[in-house]
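Engineer: take this sequence and fold it.
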Amino acid sequence: MICAIVLAAGHSRRMGTQKLLLPFGASTVIGHIVDQVLASEVAETYVVVGGDEAAIAEALGDRPVHLVRNPEPDAEMLTSVRCGLRAVPHDCRAVVVVLGDQPGLSSELVDALIDAHFASGKGLVVPGHDGKRGHPLLLSIGYREQVLTEYDRVGLRGLLRDHAVDVLEVPAGSSAATSDMDHPEDYWRELGRGGAS
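Structural biologist: Have a look, this model is predicted:
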């Protein structure tokens with residue numbers, strides 16, 4: 001079984017408003033991203049939330065996801081990854097770590113990472129475009145304890161560095177895999193890419 005961890009605990013201070021709740025297509029940014037995950041081969045989806053838990057939950061409506069509360073939403077992103085890793089079941093073979101502010105995500109990219117993991121046996125699978133690595137990141141559940149106890153201040157980049165021989169880079173096909181949203185101009189870019197309703 002493959003699970004997904006969607007990181008949605010941030011405060012969006014640079015955006016000036018909660019970016020995950022901004023309109024995107026017929027939904028919101030977070031709704032669109034979760035819909036892409038649910039349309040993929042992922043079996044269970046865990047959305048890690050922070051202080052905006054109620055608003056995120058309302059935006060997600062009755063989508064079949066598990067909400068996981070990060071008690072330290074102001075801490076580094078790794079804390080949210082750890083919350084998700086603690087929540088996923090032990091029969092989960094691998095997790096796909098999804099950014100909640102990357103609306104260019106597609107179910108096809110998620111499936112490409114999963115298929116590459118099964119075909120290659122590699123425990124760390126990342127999309128790449130124009131020499132840059134992006135998200136989402138698939139990691140084998142065998143790395144759970146290491147992520148839970150190591151890589152403070154360096155995050156999952158440290159995991160990729162330490163296990164370079166177990167990393168497989170999958171061509172993403174576009175810059176969407178290396179683009180997230182921090183500022184208003186990023187949101188407008190993503191709307192232009194495919195989120196205009």
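Engineer: correct me if wrong: residue 95 contacts residue 88.
Structural biologist: Yes. Judged on Cβ atoms under 8 Å, residue 95 makes contact with residue 88 at a distance of 5.9 Å. C-beta coordinates here come from the backbone N, C-alpha and C atoms, glycine included.
Engineer: between the two, which is the more surrounded one?
Structural biologist: Per other Cβ atoms under 10 Å, whichever of residue 95 and residue 88 has more neighbours is residue 95, with 26 against 22.
Engineer: pLDDT score assigned to the residue nearest to residue 151 when sequence neighbours are not counted?
Structural biologist: Using Cβ to Cβ, 6 or more residues apart in numbering and skipping residues adjacent in sequence, the residue nearest residue 151 is residue 158, 4.1 Å away. Note on residue 158: pLDDT of 96.
Engineer: residue 158 and residue 81: what is the separation?
Structural biologist: According to Cβ to Cβ, to the nearest Å, residue 158 and residue 81 sit 12 Å apart.
Engineer: who has more neighbours out of the two?
Structural biologist: residue 81 (24 against 16).
Engineer: average model confidence for the helix or strand containing residue 116?
Structural biologist: Per DSSP states H and E, residue 116 falls inside helix 107-120. Averaging pLDDT along helix 107-120 yields 97.
Engineer: and it, what's buried?
Structural biologist: Going by neighbour count (16 or more other Cβ atoms under 10 Å), the buried part of helix 107-120 is 109-114, 116-117.
Engineer: equivalent analysis for stretch 54-62, please.
Structural biologist: Neighbour counts over stretch 54-62 (16+ other Cβ under 10 Å) mark 56, 59-60 as buried.
Engineer: and for stretch 167-177?
Structural biologist: For stretch 167-177, a neighbour-count test (16+ other Cβ under 10 Å) marks 167-170, 172, 174, 176-177 as buried.
Engineer: and for stretch 144-156?
Structural biologist: Those would be 144, 147, 151, 156, for stretch 144-156 by 16+ other Cβ under 10 Å.
Engineer: in helices, which of these fall?
Structural biologist: Per DSSP state H, helices hold the following members of the buried residues of stretch 144-156: 144, 147, 156.
Engineer: what segments of the protein are strands?
Structural biologist: Counting by DSSP state E, one finds strands in the chain at the ranges 2-8, 23-24, 27-28, 44-49, 66-69, 94-99, 124-129, 132-133, 137-140, 167-171.
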